[in-house]
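My questions are about this predicted structure, shown below with the sequence.
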2 protein chains.
Amino acid sequence: MNIEELCRLIDKKAPDLVQSLSKLVKQPSISAKGVGLVECASLVREMMEEAGIKSEFIDIEGAPPFVFGEVKSKRHDAKTIIFYNHYDVQPPDPVELWSSDPFAAEIREGKMFGRGVSDNKADIISRINLVKAFLELGDLPCNVKFIVEGEEEIGSPHLPVLAERNAERLRADACIWESGGLDEKERPEITLGMKGILYVELRSQVATRDAHSSLGAAVANPAWRLVWALSKIKGEDEKILIPGWYEDVKELTDEELKALEEMPLEEELIKADLGVKEFLPGISGMKLKRALVGSPTATICGFQSGYTGPGSKTVLPSTALAKIDFRLVPDQKPEKLLKALESHLAFHGFGDIEVCVLAKEEAGRTRLDEEIVHCAAEAAKQTYGRDAIIKLSSAGSGPMYLFTKRLKTPSICIGCTHAFERAHAPDENLRLDIFIQGTKWVARTLSLFGKQNQR
Amino acid sequence: MNIEELCRLIDKKAPDLVQSLSKLVKQPSISAKGVGLVECASLVREMMEEAGIKSEFIDIEGAPPFVFGEVKSKRHDAKTIIFYNHYDVQPPDPVELWSSDPFAAEIREGKMFGRGVSDNKADIISRINLVKAFLELGDLPCNVKFIVEGEEEIGSPHLPVLAERNAERLRADACIWESGGLDEKERPEITLGMKGILYVELRSQVATRDAHSSLGAAVANPAWRLVWALSKIKGEDEKILIPGWYEDVKELTDEELKALEEMPLEEELIKADLGVKEFLPGISGMKLKRALVGSPTATICGFQSGYTGPGSKTVLPSTALAKIDFRLVPDQKPEKLLKALESHLAFHGFGDIEVCVLAKEEAGRTRLDEEIVHCAAEAAKQTYGRDAIIKLSSAGSGPMYLFTKRLKTPSICIGCTHAFERAHAPDENLRLDIFIQGTKWVARTLSLFGKQNQR
C-alpha cells in the first residue's frame, strides 16, 4: 500500500472525522463528577466496531468501562502498536467564561470549541479513523491495540489494576500516547514522558457550623489554619519545604540536557496566551525548560472557605478546603511523598488537617534512542516538511509510567493537538486543519514503524 | 399610666407582633446583594404609620432609604429616647444548610426561623409595637425617635453622612441600640459598646485566564500569593503582625475590669452550640472575656480560588480573593490601620495584591454610670426577676460610635434576642417568648427613664 494514497483518503474523509468528533464532544463525560461516562464509552466502542476494530469493555470494579480495541495486520511478522487515550474530560467550570456551550462542539474560524475536544477526544477519533482508512485500502502496517480509559482527568485510579491484570493483552512494541501535536510555532512535537502527580485535598474543620465572625477572638478559624499550613508547604521562592521532597529526583543525563537545550520554547507566545506579564522571577531560557520538564511543583488548584459572594459577610467559617496538585518527576514516589506531607503537617501542629488523596501516579519517560521516536520524527518531517522537536517530558502528567516502567513499552506523545488548545480552561478548542494533519502524521508513523526491522 | 397594664396589653397583642414579624422576615432585604431593600424600608414605614409614629424616608445618595420615625410624649419636659435598628439582613448562604426556607419565617417549637428574624427584625417590630401600646393607653413616658437603616450588615457606609447631616434630628438623651437580649442562661444582658470593624477584600490576579496546572512551575499562582500574604498578616499565635496595629488600643479601666470579672460567660454552652471542642489555646475565663471584649481580631471570612467542586481539577487559577474582617476596639482608627495594612503588604512584596475596603467603622462604648444603664438594669429585674449582666462591649461591631462619640448620646443594647439565635448563620431563629418579654423589658426601661430627673 502506498502511504500517500492513504493520506489522500484521510483528506477525503476529513468531513466524516469532524462529524464524528462533534458527536463525541457533544457527549459530556466528566470523570470528576461521574457524568456521562458509560454513555461516552459506549459511543467510542460503537465507533471502533464501525471502523472494523474488534472492541470490548474491560470492567474494573469502581471504574467506568475501559474500552479495549484490537485489529491485526495480515502479516504474521507484524509488530504491535498500542494507542492510549481517554474519553473523560475535565469539568467545564467556570462555565460562564466560555464563549459557547462547552458541550455544543461549535465550529468557529476553523476551530471546534468544546470541553475535551482537544484533550483528548480528537486523538480518539483520529486514531480510529486512520485504522479504518488503512483497512479500507487493504491492510495495516502493524497490529493495533487501543486502550481508552474514563478516569485520566482524575488521575487514572484504576489503570494500575487494569495494567497488572491485563499485561499480556496490553503488550506492544510501542505505545502512542495521548496529547501530542504542534507547538506555538506550528512545529511538530514528540514528547517522551510525563510528570507524575500527587493530588490531595486538605480539609480543616473546626466547628460543626459557621459562626458570627465576632467570635474570631476565641474560636479557631479553619481558613487561617489552612493558610498557615500551606505556608509551611511551599515558600515564596517556590521551593517545596517538605523534608525529603527532592530526595529521589533523578538528574537529567547529558543527552537529555542536550535535547532540552535544542528544544525551542516560545516564552513570549506562552505569556501572551495566558495574559501574564512575567514568568516566575528568574525563570526563563534553560531554567524555564528545566522547570517545566524537570521540576517538582506544588500548585494550589482550589481554595474555598466561608462566604465568597459579593459584598461582606461577617462569618467565621467552620470548614476550609484546599486542592493541591504536586507534579512529580522521575523517580519520585507518590506514596513516600504523601507520608512526608502528612508528617510535615503533623510536625508543624497541623495534624488535625485531613489529607485526602484524589490522584497519585509516578512520572514516566522514554529513552531518546527508541525506534518509535525515530519513526515519529521521520513521519513528522514527511507530514509537515520540518524537523520535529523532541521534548523529554510534558509539563503535564499522566499514567505513562505504567507503560514505560511496568510494561516496558516505549511510549511517545504525538497527535492532533496544538499549543493554544486551552486544555482544562474555558474555550478549549481544536484546530481542524491540525486534526487532519495530525491524523496523517500518526498514520505515517505506523507505516514507518511497521516497515522497519519486522519481527 | 400603669406599666403593669401596659405589659398586659403587650401580652394580649403577642399574636399581632408575631404576625407582623413574620411579614417583615418574609421580605428579603440583603444589603450585600442589594436585594429587597426599598421594599423592606417601605414596609417598616407603613408599620410605623399604622402604629401612630410619624415617619419619613431620609435619602442619602447611594444608600437605601433610612427610615426616620418620631412620636412625642404629651409632657413638655419629657426626655427623648432614640432607637437604632436596621432592616437589612445578612445573605442566607449557605442556603443548603437551613432546615427551612430562610425567608419563610417558619415557626417550630416556639421559635421563628428566618434570616434576619433575630438580627434585627424582631427588635424593629418590638419597638414599634411597644410605642403603639403606650399610645393606646394614653401617652408615652418619653419622646421616641427611630432611625432604621438598610446597610448595617455591610458596615453602615452611609450612616456617618446621615448622622453628620441630621445631628439635630437624631439628638436624644439616650439611645437604645439593636441586638440586646438574654444570654446562654437566660440572664438579661445590657451591652454598653460595640467593636469597630475594618472589612477588606484582598484580590490577587496573575493571568487573564486559568491555565493547566502543569504550568505551575513557571507561572505565579494567585492562591499561593494570597496564602503567603495572609501568613504575614496574622501569626499562628493569633497576634496580628502588622506594625502599629495595637498602638491605639485603649486599656480597660479598673471599673471596666471589675465589670468584666463580674460578667458571667458560659464557655461550655458556647462551645456546645458551635460544636467546637476547645477555644483557642489558653483562651478561657478572664482571658476569654478580654478576648471577646477587648481584643482586636483578624478573621478570614472567605477565601476563593480555582476549582473547589468535587474531585480533582488540575488548574492553575488566574485569580484569588480573601475577605478579611478586622474587629477593632477603642480607640483604634480604621483609616490609619488600612494604611498600615497596605504598607505591610507592600513591604513584604505583596504590593500587587489589591485591597478593597468593604466596611470600616470605629468602636463605640458607653460609660458604666450612665442613667440609661441603671434604668435598663432595673427594668430587667422587673421583667425577669433577676439581675442584669453588664457587658462592656459586644464581641460584634456596629456604628455605635456615631452616637456615643459624635452625637454624645449614651447607648445600650437591650432587646428581644437570645444567645442561641444563630445570627449570621444557617437556621437563625428567635424565641417567641423572649420576643414578648424583651418587648416588655424595653417598655419598662422607657417608663423608668421617663420618670427620672425629668428635664
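Cool, got the structure. Numbering: from 1, shown residues only, chains lettered A, B, ... in the order given.

Could I get the pLDDT score of residue A:141?
Note for residue A:141: predicted pLDDT of 96.

Name the residues of whichever helix in chain A runs longest that are buried.
Longest helix of chain A, by residue count under DSSP state H: helix A:432-451. Of the residues in helix A:432-451, those buried under the neighbour-count criterion (16 or more other Cβ atoms under 10 Å in any protein chain shown) are A:432, A:434-450. Just so you know, the C-beta spots here come from the backbone N, C-alpha and C atoms, and that holds for glycine as well.

Ok, stretch A:329-337 next?
A:329, A:330, A:332, A:333, A:334, A:337.

So is the lowest-mean-pLDDT helix or strand in chain A next to chain B?
Least confident element among the helices and strands of chain A, by mean pLDDT, DSSP states H and E: strand A:211-212 (a mean of 83). Yes - counting by Cβ under 8 Å from any Cβ of the partner chain, chain B has neighbours in strand A:211-212: A:211, A:212.

and the angle for the helix or strand that comes right after that strand with helix B:222-231?
Where DSSP states H and E defines the elements, the next helix or strand beyond strand A:211-212 is helix A:222-231. If you take axes from the mean of the first three to the mean of the last three Cα atoms, to 10 degrees, helix A:222-231 sits at 100 degrees to helix B:222-231.

to the chain's geometric centre, what's the distance from helix A:222-231?
Relative to its parent chain, helix A:222-231 has a centroid offset of 30 Å by Cα atoms, centre = their mean, to the nearest Å.

Is chain B within reach of the helix or strand following that helix?
Next in sequence after helix A:222-231, counting helices and strands by DSSP H and E, comes helix A:254-262. No - applying Cβ under 8 Å from any Cβ, one finds helix A:254-262 separated from chain B by no less than 13.7 Å.

Does anything pack onto helix A:254-262? Which helices or strands?
Helices and strands touching helix A:254-262, as assessed by 3 or more Cβ pairs under 8 Å, 6 or more residues apart in numbering or on different chains; DSSP states H and E, comprise helix A:285-294, strand A:389-391.

Now do the buried residues in the helix or strand following that helix.
Counting by DSSP H and E, the element after helix A:254-262 in chain order, helix or strand, is helix A:267-274. For helix A:267-274, the neighbour count (16+ other Cβ under 10 Å) marks A:267, A:270, A:271, A:273, A:274 as buried.

so can I have CSV of the residues you listed showing pLDDT and distance to chain B?
What follows is the buried residues of helix A:267-274, written out as CSV (pLDDT from 0 to 100; distance: Cβ to the nearest Cβ, whole Å):
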residue, pLDDT, distance to chain B
A:267, 90, 9
A:270, 85, 8
A:271, 90, 9
A:273, 84, 9
A:274, 86, 5
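
what about the helices in chain A?
A:3-12, A:14-25, A:37-51, A:122-136, A:159-165, A:167-170, A:222-231, A:254-262, A:267-274, A:285-294, A:334-347, A:371-384, A:401, A:432-451.

I'd like these as JSON lines, with distance to residue A:359 appended.
Formatted as JSON lines, the helices of chain A follow (distance: least, Cβ to Cβ, whole Å):
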{"stretch": "helix A:3-12", "distance to residue A:359": "35"}
{"stretch": "helix A:14-25", "distance to residue A:359": "24"}
{"stretch": "helix A:37-51", "distance to residue A:359": "16"}
{"stretch": "helix A:122-136", "distance to residue A:359": "21"}
{"stretch": "helix A:159-165", "distance to residue A:359": "11"}
{"stretch": "helix A:167-170", "distance to residue A:359": "21"}
{"stretch": "helix A:222-231", "distance to residue A:359": "19"}
{"stretch": "helix A:254-262", "distance to residue A:359": "26"}
{"stretch": "helix A:267-274", "distance to residue A:359": "24"}
{"stretch": "helix A:285-294", "distance to residue A:359": "20"}
{"stretch": "helix A:334-347", "distance to residue A:359": "9"}
{"stretch": "helix A:371-384", "distance to residue A:359": "27"}
{"stretch": "helix A:401", "distance to residue A:359": "13"}
{"stretch": "helix A:432-451", "distance to residue A:359": "27"}
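
what sits against the residue nearest to residue A:197 when sequence neighbours are not counted?
Leaving aside its sequence neighbours, residue A:197 sits nearest to residue A:397 (Cβ to Cβ, 6 or more residues apart in numbering or on different chains; 4.1 Å). Residue A:397 makes contact with A:194, A:195, A:196, A:197, A:327, A:328, A:361, A:363, B:214, B:314, according to Cβ atoms under 8 Å, 6 or more residues apart in numbering or on different chains.

Just list whatever residues bridge to residue A:397.
Beta bridges link residue A:397 to residue A:195, judged by DSSP bridges.

This completes my enquiry, with thanks.
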